[in-house]
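# Fold the following, please.
(chains A and B)
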Amino acid sequence: MATITKQARKKIWAFLALGTFVGLLLLPLFLSLPAGAGDTPAPAASTDAKPVEKSRDVWYKTEGPVIGAPAPKTTDSAKDYPRYNFESRVILWVALQQHLYYGSFVLAVPIFCMIVEYLGVITKDKALSRKYDQLAYDFVKISLTAYSITALLGGIVIFTFLTLYPTFFGYLSSIFRPVMATYALLFIAESGTLYIYYYAWERMREGFLKWIHVAMSVILNVIGTVLMMLANSWIAFMQSPAGVDADGRYLGNVWHVIHTTLWNPINVHRLLGNMAFGGGVVAAYAAYRFLTAKSDEERAHYDWMGYVAMFIGICFLIPLPFAGYWLMREVYAYRQQMGITLMGGLLAWLFIIQAVMIGALFLTANYYLWQGMDRMPGAERFQKYIKYMVFVLIMCFIVWLTPHTMVMTPAELKAMGGQQHPVLGNYGVMSAKNGAINTIITTTVLSFIMYQRANKIPTVKWAPYGNAFLFGLFTMAYVNIIWLAIYGYYIPANVRVGLSVPQVASTLSCLFIGVILNSIMLKGAKDVGPIVWGKISVRGQYALIMLATSFTWMMGLMGYIRSSVRLFWHVNEIMRDNSPWAFTHTIGFGANMISFNVLFFWLTILFVFWLGALGVRKAPATAPVGQKVPAPAGSR
Amino acid sequence: MPTAKVLGGITAAIILGAIVTIFYFLPESGAAQLMRKAFHLGWPGGLIIVSLMLYFQFWRTNDPRRGELVFKSVIGLLGYSMLFIAIANYATNFNDESPGVPGEPRFLPVSLVMFTVACFTMAMYFKGVRVLLQIGGFMFFVAAGLAGFGNWLPQVKADPPPVEEKTADVRQMSVQERADLGEKIIFGAVGASGTQGAIGKGQCPLCHGFQKGFLSERAPNLFGVPTRALERIKDPRYSQADPSKRDTVQKEACPGCGTAKTAEEYIAESHVCPNCYVVAGFGVKGTNDRESPMPAIHKPPIALNFDEFIAVDTWLFAREGQDPPTPEEIENAYKKFIPQAEWPKPAGAPGTTPAGPVPGAPVATGDEPVNQIFVKALCFACHTIPGIQGAVGVVGPKLVEGTNAPKRIKDPNYKGHATTTREYIMESILTPSMYVVPGFPDNVMPKDFGKKLTAAAINKVINYLSQLQEGKEPPKIE
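This next block holds a predicted model:
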């Protein structure tokens, strides 16, 4: 009989512990399943029971037994809409938005932790490994206080719903009862896992236990993602209901109720959005710590942390428009009117604000990269190009935010001779805008390539050919983008739509081929000097804060757009909102509310940062100034 | 620090001087009111700061930092005051949803700028929290920019449609009246079919074009549809001979689908079963024209009833100079395609009062509250009327007549006969072209309000409008 070594015994125990842990987490879920409404309705108790009434699903068009009551027809009364001397919808808006901000943050940060901790485990360089591990620990530490606030805000949201919209909440919970129960259990599981994950960090720092710890982060994220998806099912149901008949009666299939047509696009969009937002918040935290740092070591650490967080945020920001496109496509497929209300009707001006923000985000990202080049000896040789890039970016930004048509007073209309300005209106059409935004993104990629090369000189033999290829790639991309933008003026709109495909293809080619080729060329490149982390201007840190604030504002804006497109329905076409606040506010009011929510969030999260800083007893494990430290592609 | 102290001292003195001046010389001005409100909101905190300042000045006489502490208290008081003035401004303007026309700026984002200034001012003197204040100030600045931009854009507030919009009995109307009602359902107002962007309950212009030659990309242009309908039903894809052979995603029962024989039946079928036959090129992308993006019009969210269908279809025929089918023919056409269980409830159900125009009858009798008169007469669609929910139109001037009327009577271009505010309002309602407010077009306002409104209703309108003053709270609605 083979003897079991001490090491192997330890592994077995570790596996058993993890298995028990997972089992305990899943047990309540398993137990709760029979209690909920399953996929198939319960059969009739006896043959002489009343015949089951059947009805048709509004979305899936399948027949099912009527289980629930019809959606209540509310009236403007204290019974259906009890109220304080204030607009109930605004109170709920604030509570929900704050909960969402914190929820997004605490769901995004564990994903960062998982990635960074994993990098720490697989990195062979012990110093680097420790640094990654410390960074992951710093991340989760920030999220811990935020987690408590999230739970508190969740409670406030439920109480607000119950006290201000009892009839509507009653209807929603009658349909989603099993989902809500599962949600509550998962929340407990998430809390338990998070606390064990955090407090066991020191004990599980070495050896096989570290892998168990990493596995725990995976479990944490799986639970977190499922939680988010369950919560998304409620809002997706409100926007594109399924699983009920035209009167809003539940037909017994809980999967239909969850899996509405907009559920998955919203899931993907929110997951990516959370990551970009989380990156922004962590970058702002790093900027705050950088600005309050007392030593060069601290500054170096938080400069690096800000860079990594910003890099992750931007990485998730890039696919976000594509996810948004998918969501919007599904909205159009679900109800064309809803799509038009969003993109060409009542809410279209909000997309102009979004466009301005996207332009500002890219300008800021470029600015941060240029400021970051201060840390790199040898970057001076690129400085002379920056002014041209600024010019290109500003010009494109102006085109990007020029509206095509203006809503005007009759006097203004008369003075201008129509809704479109005779000259500027031409720059507001989609053709010009497509050209502008693609040029902005391509120029940002160029900035990043410059950043990658700032302190390096390629030494591979084929470097001249590589450079020539890169030059040709970018030149062709610019020519193609601008030429198609001009050509678009001369062809019908339905053909013009297709031109965006080659334009985006040019941009993505620059992004993927350009960055990958550049990275290969920089393998073994000659170092002009090491990156001096911490040697970045204060303005650079404010650029990070600007990015974070803009992410937050954009999230509030897009959430407002998505929610207000239901117009006067609680549940679209099923349950009408008959409260006095069923109207859609003006853009200005919406913008004021978004600003309020953004500032409220940042005031409270700055408090969380301050608390986090209080807990730091010793300086983080950092490399001395000027020493090589880990960072994403191109930053070393 | 000495320079900063001097600068801070001068600034504080200037601000205090300005406050005293405003209260003394302009006690009823907006600025004075704002400061009073700020004082009411924030006096406890201010009292604490003043107490601290006095404590530092008179009780810590031996403290070498006494001067600095007193100075910081002054700066703190200044920043604190500015914060509360900003909060008071936020509270005052919170519900301002005016359309932002020139001369009526929307002041709410100004609060954010004030927060920014307060944060940066205090950051200069409070080193311990300097970074936090600077970051906060910067964020306020960014938020102010974005909120300001949002307020600068055109402001549109959308009210929900009335809960139960019952039309009068269309069968009793003349063809023209039916057609007018149809136009109103489609475009929101009689005569609005030529206005770009006009949309009524039917929401048709969101996707369809209605004018000859108008490029209609989302859905077919409906100009000429009564004639074209007869060609469509002969299309092999319509498969009139054997509807079961149609290639469509239509899943629900549609009793008579595929059996349209007349133009009206084709139109009715298209309205209630858009998937039954999709005009080539207008189907949902990727479905090969087997599915239409159009919703069934008899179901939510549009949910027209038979009377409304009769009006809409009458307009489609009448505006092209064709004789429309009779109301009975139209209703029967719809009944052919809508399963009986889904038949819309008849208009004028018991307990409801018709909101639509009854021929010859006034739209408002004067028995209803004044806000309902504004809604029934559709004043809200073109005018901004303080105190009337949803009345945020900008086609006509804002109706603050208590302020406007006296000025206009004195205008040298005024050729009317009114000598009082009440007379001016009466004149504007009955003969709108007598005096056209500069900057607004003539001949837009209907000239038949004398027939549409009873004397009692007009009197109520005049009573209300004459009480409206610029910058003052509107009167309570009885």
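
# Against the centre of chain B, work out the most remote residue.
B:Asn62 (64.4 Å; CA atoms, centre = their mean).

# pLDDT value on B:Pro359, please?
Per-residue confidence (pLDDT) for B:Pro359: 34.

# scratch that, A:Met305 is what I was asking about
90.

# got a list of what B:Gly257 touches?
Wrong residue type there; residue B:257 is Cys, not Gly. Residues in contact with B:Cys257 (CB atoms under 8 Å, 6 or more residues apart in numbering or on different chains) are B:Pro243, B:Gln250, B:Glu269, B:Cys273, B:Cys276, B:Phe337. All C-beta spots, glycine's among them, are computed from the backbone N, C-alpha and C.

# Report how many residues lie close to the nearest residue to B:Gly182 once chain neighbours are set aside.
Of all residues not flanking B:Gly182 in the chain, B:Trp315 sits nearest, at 3.0 Å (CB to CB, 6 or more residues apart in numbering or on different chains). Using other CB atoms under 10 Å in any protein chain shown, the number of residues around B:Trp315 comes to 25.

# Grab the most central residue of chain A for me.
Centre-most residue of chain A, counting by CA atoms, centre = their mean: A:Gly273, 1.0 Å.

# touching chain B at all, the host helix or strand of that residue?
Counting by DSSP states H and E, the element that carries A:Gly273 is helix A:263-292. Yes: applying CB under 8 Å from any CB of the partner chain, one finds helix A:263-292 touching chain B at A:Ala284, A:Ala287, A:Tyr288, A:Leu291, A:Thr292.

# Out of these, the closest to A:Asn597 would be?
The nearest member of the residues of helix A:263-292 next to chain B to A:Asn597, counting by CB to CB, is A:Ala284 at 16.2 Å.

# Tell me the helix or strand right after the helix or strand hosting B:Ala86.
Per DSSP H and E: B:Ala86 is located in helix B:66-93. Following helix B:66-93 in sequence order, the next helix or strand is helix B:108-125 (DSSP H and E).

# So the residue nearest to B:Gly182, which state does it fall into?
The local conformation at B:Trp315, judged by DSSP: H, G, I helix; E, B strand; the rest coil, is helix.

# gap between it and B:Lys184?
Distance, B:Trp315 to B:Lys184, using CB to CB, to the nearest Å: 9 Å.

# Nearest to chain B within the stretch 201-350 of chain A, name that residue for me.
A:Gln336 (3.9 Å; CB to the nearest CB).

# Count the neighbours of that residue for me.
Neighbourhood size, A:Gln336 [other CB under 10 Å]: 19.

# and the residue nearest to it when sequence neighbours are not counted, what element?
Nearest non-adjacent residue to A:Gln336, counting by CB to CB, 6+ apart: B:Pro293, 3.9 Å away. B:Pro293 belongs to no helix or strand when assigned by DSSP H and E.

# Would you mind giving both backbone torsions of B:Pro293?
Phi and psi for B:Pro293, reported as degrees, to the nearest 10, are phi -80, psi -10.

# about what we covered before: now for the residues of helix A:263-292 next to chain B, which pair is the farthest apart?
Taking CB to CB as the measure, those span a maximum distance of 12.7 Å, between A:Ala284 and A:Thr292.
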